[in-house]
Each structure stands twice: as C-alpha cells, then as structure tokens.
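Colleague: sharing a model prediction with you, sequence too.
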Amino acid sequence: MPSFKVFDIAGSGLSAQSVRLNTVASNLANADSVSGDPNAVYKARHPVFEAVRAQLAAGPQTDGTGAAVRVRGIMESNAAPSARYEPGNPLANADGYVYAPNVNVVEEMVDMISASRAYQNNVEVMNTSKELLLATLKLGQ
C-alpha cells in the first residue's frame, strides 16, 4: 500500500541523519587530539548522502513509488592539519611540532544542530503520518 511508503522514506532519513550525528560526535571527540606526524593525525570525516529515486529503488517487491536517502560513504577532509610548536609535548616531532586535526568545532556544532533538526523533522513526519492513518481507520466506525 503506497500510504506506508512515507515510513520508509522518513526511516531512511532518520538513518542518514543518525550517521551524520555520529560523524559529528567523532569529529568533536577528536578535535583536541594531536600527533607528531602530520599523516597520522585525525582527519575530519563527513558523510556523503545520495538520493535514491523511485525508478532506482524499484525492485521485484516494490511498485516503484518510493524514494529514499542513503549514505554513500564517509569522506575524510583534505585540509592540512595545523602545526603547533610545543617542544615539551611528548608527542612532538624532532623539530618540536605537534599536529592538530583539521576539525572546526564551530562548523561541527552547526552541523550537529542541523542534523538534529533534520532528525526531529523526520520523526515528526512519521508521527503525523501515523496520526493521519489512524484517523482514516476511524472514519469507518
């Protein structure tokens, strides 16, 4: 029944935003980590979303009326890590530098708020759809 496709669509959105929130949490957790090697330092990660259209999502059990969003992958940032001169740090290299990740905490917080609101919107879509379907069922009483 096509009325139930809204739950599949909103569910795929919930799943995608959950991945987005997890990557933001990972980025924030590693924002203060340092390394003596610029190649070994943590690199910020960001999910890449992909829209799945009805024609592509259609399979043998579907009628081709749905759509979804899915996570295509998690990409690492290419931005260079920042070098800080800390000769007393045990992780410092021979020149006294440690390398900090390329995580911008302000951008990550904005991304977290955006993902949280998108998640809440998908939950609201599911709740509203449930209420409408229940109201439809009560019409026959």
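Modeller: Yes, it's here.

Colleague: following the helix or strand of the chain with the lowest mean pLDDT, which helix or strand comes up?
Modeller: When the helices and strands of the chain are scored by mean pLDDT, DSSP states H and E, helix 54-57 comes last with a mean of 53. Using DSSP states H and E, the helix or strand that follows helix 54-57 in sequence is strand 68-76.

Colleague: so what secondary structure elements neighbour that next one?
Modeller: Applying 3 or more C-beta pairs under 8 Å, 6 or more residues apart in numbering; DSSP states H and E, we find strand 68-76 packed against helix 5-29, strand 45-52. To be clear about C-beta, it is placed using only N, CA and C from the backbone, and glycine gets the same treatment.

Colleague: of all those, which one is nearest residue 91?
Modeller: Nearest to residue 91 among the helices and strands packed on strand 68-76 is helix 5-29; the distance by C-beta to C-beta comes to 17.6 Å.

Colleague: list the buried ones in the closest one?
Modeller: By 16 or more other C-beta atoms under 10 Å, the buried positions in helix 5-29 come out as 5-6, 9-10, 12-17, 20-21, 23-24, 26-28.

Colleague: scan this structure for its longest helix.
Modeller: Taking DSSP state H as the criterion, the chain has its longest helix at helix 105-138.

Colleague: pull the distance from that helix to the chain's centre.
Modeller: 15 Å (C-alpha atoms, centre = their mean, to the nearest Å).

Colleague: what angle sits between it and helix 5-29?
Modeller: Helix 105-138 and helix 5-29 are oriented at 160 degrees to each other (axes from the mean of the first three to the mean of the last three C-alpha atoms, to 10 degrees).
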